[in-house]
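In: Quick one, fold the following:
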Amino acid sequence: MRTLALTPVLASLLLSLVPASGCAPAARVEPRPAGSPAARPEGPPAAQPAGKPAAGLDPELTSYAYPYPVKHFEVESQRQKLRMAYMDVQPEKPNGRAVLLLHGKNFSAATWEPTIRALTERGFRVIAPDQIGFGKSTKPAAYQFSFHGLAETTRALLDALGVQRPAVVGHSMGGMLAARFALMFADRTERLVLVNPIGLEDWKTVVPYRSIDAWYKQELEATRDSIREYQRKSYYDGAWKPEYERQIEILAGWTEHPEYPRVAWCSALTYDMIFTQPVVYELPRLRTPTLLIIGLRDRTALGRAWAPKEAADALGDYTTLGKKTAQAIPGAKLVELPGVGHLPQVEAFEKYRDALVGFLEQAP
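Out: Have a look, this model is predicted:
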């Protein structure tokens, strides 16, 4: 085999073909021509069921259809150009107010579809982003995840969209992020709703630390069946219904794609963020009108599997945690849902919707 030597002229020509890195603005909405394919809802390839292509789902879910048009917000963070996917859904009859929806660890913005529909029917503009490392957003190979950083990026998105003071709703991990957002940007948070948030107790005080490498190894071993089994036991008290399958489409589809290790690494990094960055001690500092919607059957607790038995048995008691949290947050209201687990918006949608909308429709 002959080796081609690079002459100065050829080297110069090749270098000219490499795009300059340049510095992007700190945060801006990615320009997209009206009516372009990227500005329309992203759908699955032909002849494949939505969300379940033959080769699994790639890290940015390019073949997975979201319920509303997806746009991307470009931001430069930690010396990287990242893209934050989001849905900005406008109501037919605006009431002049907006709601920000923050998804959980095992979820994405797409899972908010019934909530988005319920809120837009009542005149709310709804912004539902995928946080960096989740859903259709960038999965960076090296990134220091923090709730403070995610809150900052979310605020930058709101700035770009001209949304000054939304109500903030967070579920599961999104509840931790919503609380952090309200603490950092109290003047930008009209109301706060926490739906079975995790982090209502500090697991690291009783659970041995687990390295990011250990989390990564665990994530690499995930399969469609293991994900379904985890959610069946943890979220639905051992029951499983066909409609729950929708909740695992993305997580399971990722495991079936060749680039899954990139997703698994981000998942490991965010597990470490959740475990090491509790917000529970700062809840008494919240000054935003707050509603807690708590499914009392929930027993979600990070690290229960490797905690000492006596500690494990006491973790994730949402019947106690909900009341304790409501007492910690000044003026907080608590709606308890007996017989409901980690996803009130799935298991008891009407009760969840009525509590959510009733609280949000109160005068700001």
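
In: and stretch 312-323, how far out from the chain's middle?
Out: 23 Å (C-alpha atoms, centre = their mean, to the nearest Å).

In: Okay, buried residues for it please.
Out: Using 16 or more other C-beta atoms under 10 Å as the test for burial, stretch 312-323 gives 312, 315-318, 321-322. Any C-beta I mention is one placed from the backbone N, CA and C, and that applies to glycine too.

In: Specify the beta-bridge partners of the closest residue to residue 191 other than its chain neighbours.
Out: Distances taken as C-beta to C-beta, 6 or more residues apart in numbering place residue 167 nearest to residue 191, at 4.1 Å, with adjacent residues excluded. Following DSSP bridges, residue 167 is listed with bridge partners residue 99.

In: thinking again about what came up before, possible to save the buried residues of stretch 312-323 as TSV with distance to residue 339 and pLDDT?
Out: Conversion of those to TSV gives the following (distance: C-beta to C-beta, whole Å; pLDDT from 0 to 100):
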residue	distance to residue 339	pLDDT
312	23	92
315	20	95
316	16	95
317	15	96
318	12	97
321	17	98
322	14	98
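
In: Pick the one among these closest to residue 198.
Out: residue 316 (8.7 Å; C-beta to C-beta).

In: Would you map the strands across the stretch 51-200 of the chain?
Out: Taking DSSP state E, counting those that start in this stretch, the strands of the stretch 51-200 of the chain run over residues 71-77, 80-89, 98-102, 125-129, 167-171, 192-195.

In: do the stretch 251-364 of the chain as well
Out: 290-295, 333-337.

In: in its sheet, what does the first one sit against?
Out: What it means is strand 290-295. strand 192-195 (parallel), strand 333-337 (parallel).

In: Report the mean per-residue pLDDT for it.
Out: Average pLDDT, strand 290-295: 98.

In: How far away from the center of its chain is it?
Out: 18 Å.

In: Excluding chain neighbours, what is closest to the most centrally placed residue in the chain?
Out: In the chain, the residue lying closest to the centroid (C-alpha atoms, centre = their mean) is residue 103, at 3.3 Å. Nearest non-adjacent residue to residue 103, counting by C-beta to C-beta, 6+ apart: residue 174, 5.1 Å away.

In: Check residue 150 too.
Out: residue 131 (5.2 Å).

In: Pull out the buried residues from the helix ranked longest in the chain.
Out: With secondary structure taken from DSSP state H, the chain has its longest helix at helix 260-276. Neighbour-count burial for helix 260-276 flags 260, 262-275 (criterion: 16+ other C-beta under 10 Å).

In: same question for it, mean pLDDT?
Out: On average, helix 260-276 scores 98.

In: so what secondary structure elements neighbour that helix?
Out: helix 173-184, helix 212-220 (3 or more C-beta pairs under 8 Å, 6 or more residues apart in numbering; DSSP states H and E).

In: can you redo these as JSON lines with mean neighbour count?
Out: As requested, these are exported to JSON lines (neighbours: other C-beta atoms under 10 Å):
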{"stretch": "helix 173-184", "mean neighbour count": "26"}
{"stretch": "helix 212-220", "mean neighbour count": "15"}
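
In: out of those, which comes closest to residue 68?
Out: helix 173-184 (17.9 Å).

In: what is the mean pLDDT for the closest one?
Out: On average, helix 173-184 scores 98.

In: How far does that helix sit from its chain's centre?
Out: 12 Å.

In: how near is residue 77 to residue 109?
Out: Counting by C-beta to C-beta, to the nearest Å, the separation of residue 77 from residue 109 is 19 Å.

In: Same drill for those two, tell me which one is more crowded.
Out: Between residue 77 and residue 109, counting by other C-beta atoms under 10 Å, residue 109 is the more crowded of the two (27 against 19).

In: I figured the more buried one hits residue 127, correct?
Out: No. Counting by C-beta atoms under 8 Å, residue 109 sits too far from residue 127 to count as a contact (9.3 Å).

In: what is in contact with these two at once?
Out: 86-87, 101 (C-beta atoms under 8 Å, 6 or more residues apart in numbering).

In: Please report which of those has the highest neighbour count.
Out: Ranked by the number of neighbours (other C-beta under 10 Å), these place residue 86 first, at 29 neighbours.

In: Beta-bridge partners for it, please?
Out: With DSSP bridges as the rule, residue 86 is bridged to residue 71, residue 129.

In: Name all residues that make contact with it.
Out: With C-beta under 8 Å, 6+ apart, residue 86 has these contacts: 70-73, 109, 127-130, 157.

In: let's see it at 7 Å
Out: 71, 73, 109, 127-130, 157 (C-beta atoms under 7 Å, 6 or more residues apart in numbering).

In: Tabulate the helices and strands packed on helix 260-276 (a markdown table), appending distance to residue 349.
Out: Output for these, formatted as a markdown table (distance: least, C-beta to C-beta, whole Å):
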| stretch | distance to residue 349 |
| --- | --- |
| helix 173-184 | 17 |
| helix 212-220 | 30 |
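
In: mind listing what residue 130 touches?
Out: Counting by C-beta under 7 Å, 6+ apart, residue 130 touches 84-86, 108-109, 136-137.

In: cool, residue 271 as well?
Out: residue 215 are the contacts of residue 271 under C-beta under 7 Å, 6+ apart.

In: going forward can the numbers begin at 477, since that is how I track them
Out: Sure, I'll start counting at 477 from here, so that last one is residue 747.

In: so can I have TSV of the contacts of residue 562 showing distance to residue 594 and pLDDT?
Out: Below are these laid out as TSV (distance: C-beta to C-beta, whole Å; pLDDT from 0 to 100):
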residue	distance to residue 594	pLDDT
547	22	98
549	25	98
585	15	98
603	15	98
604	13	99
605	19	98
606	20	98
633	22	98
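
In: how close does the residue nearest to the centre of the chain sit to residue 587?
Out: Taken as C-beta to C-beta, the span from residue 579 to residue 587 is 6 Å.
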